[in-house]
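**Student:** Dropping the sequence and predicted coords here.
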Amino acid sequence: MFFLLSKTLMHLLLPVVWVLGLLVWAFLTRSQTRRKKLLGTSIGLFLLFSNDWLATRAYRLWEYPVIPIKEVTQKYDVAVVLGGFTDLSKQPRDRVYLSQGADRLMHALFLYRLGIVKTILASGGSGIPNFSDAAEADRIRDVLKICQVDTNDILLEPKARNTHENAVFSADIIRRQFPGKRKVLVFTSAFHCRRAHACFKKQGMEVDMFPVDFRFTDPSFNEEKFFIPNDGAWDKWGLLIHEIAGYLMYKLAGYA
């Protein structure tokens, strides 16, 4: 139930839905005063959610900061790679389709090659309602095998449909595979680190985070991104709003 609710809420939290709703309300209302207010609010939200510079600044406040490789001074028993970067619906399924966020896997692979992490645990089920033909963990394993990672160094968690389940199922595997004291490094997008970290702590797992896939990239002021509306900014705002709402919902549900 929570899984389906979160998927529905994701669409309702899209800024474009808010602006469209206000415009429809303005079209239907008979009050001229209310119509002007609704149209003014719609224009204001349009300018806000089209502003790429402001969107990246909002991400800067929310994302975990980048960690230089040279500052990773200890070794880790396991790297947990959270899914969400492969497309399971594309055909044919004779290959792996990677999307934005694939740095979760590639940076874990890089640290594995450097000898910083010993084992890679791929966590992720289908993540698509009413679709269970494939698990993302299996797709991630395929990529790791192509990259010639020793199969003995690959662990799979193929059931999780959300971050809460990522933490629950991964924690169970880690405790069984690495009894006693262990070092765990979790790889996920920088904007997703707060929720993921809180979920693992809720499971009693002491983990370090390795943020990747940053949305904040340019620290300087950019006149073009500030003054000229950008359609890509809508996606950035929508993702951030969804992530913050998800974090709060997890807190209320006791998942984080």
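**Tutor:** Sure thing, it's come through.
**Student:** When you work out contacts or count neighbours from here on, use the C-alpha atoms and nothing else.
**Tutor:** OK.
**Student:** quick one: the strands in the chain?
**Tutor:** 76-82, 117-123, 154-157, 184-189, 208-212 (DSSP state E).
**Student:** Would you point to the one among those that's packed deepest?
**Tutor:** Comparing the strands of the chain by mean neighbour count (mean count of other C-alpha atoms under 10 Å), strand 76-82 comes out on top with a mean of 26.
**Student:** just how off-centre is that strand within its chain?
**Tutor:** 16 Å (C-alpha atoms, centre = their mean, to the nearest Å).
**Student:** Ok, stretch 58-65 next?
**Tutor:** Put simply, stretch 58-65 sits 13 Å off its chain's centre (C-alpha atoms, centre = their mean).
**Student:** which stretches of the stretch 51-200 of the chain aren't confidently modelled?
**Tutor:** Applying pLDDT under 70 to the stretch 51-200 of the chain flags the ranges 127-133.
**Student:** How is this protein partitioned into domains?
**Tutor:** 2-63+229-253, 69-212 (automatic domain parsing).
**Student:** can you put the strands of the chain in JSON lines and add distance to residue 15?
**Tutor:** Listed next are the strands of the chain as JSON lines, based on distance: least, C-alpha to C-alpha, whole Å:
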{"stretch": "strand 76-82", "distance to residue 15": "26"}
{"stretch": "strand 117-123", "distance to residue 15": "30"}
{"stretch": "strand 154-157", "distance to residue 15": "34"}
{"stretch": "strand 184-189", "distance to residue 15": "21"}
{"stretch": "strand 208-212", "distance to residue 15": "25"}
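**Student:** what about the residue lying closest to residue 170 once chain neighbours are set aside, distance to residue 109?
**Tutor:** Excluding its sequence neighbours, the residue lying closest to residue 170 (C-alpha to C-alpha, 6 or more residues apart in numbering) is residue 157, at 6.4 Å. Here residue 157 is placed at a distance of 17 Å from residue 109 (C-alpha to C-alpha, to the nearest Å).
**Student:** related to what we said a few turns ago, nearest to residue 21, of the strands of the chain?
**Tutor:** strand 184-189 (30.6 Å; C-alpha to C-alpha).
**Student:** Distance of the residue nearest to residue 170 relative to residue 42?
**Tutor:** On the measure of C-alpha to C-alpha, residue 157 and residue 42 end up 44 Å apart.
**Student:** on that earlier part again, beta partners of the residue nearest to residue 170?
**Tutor:** residue 123 (DSSP bridges).
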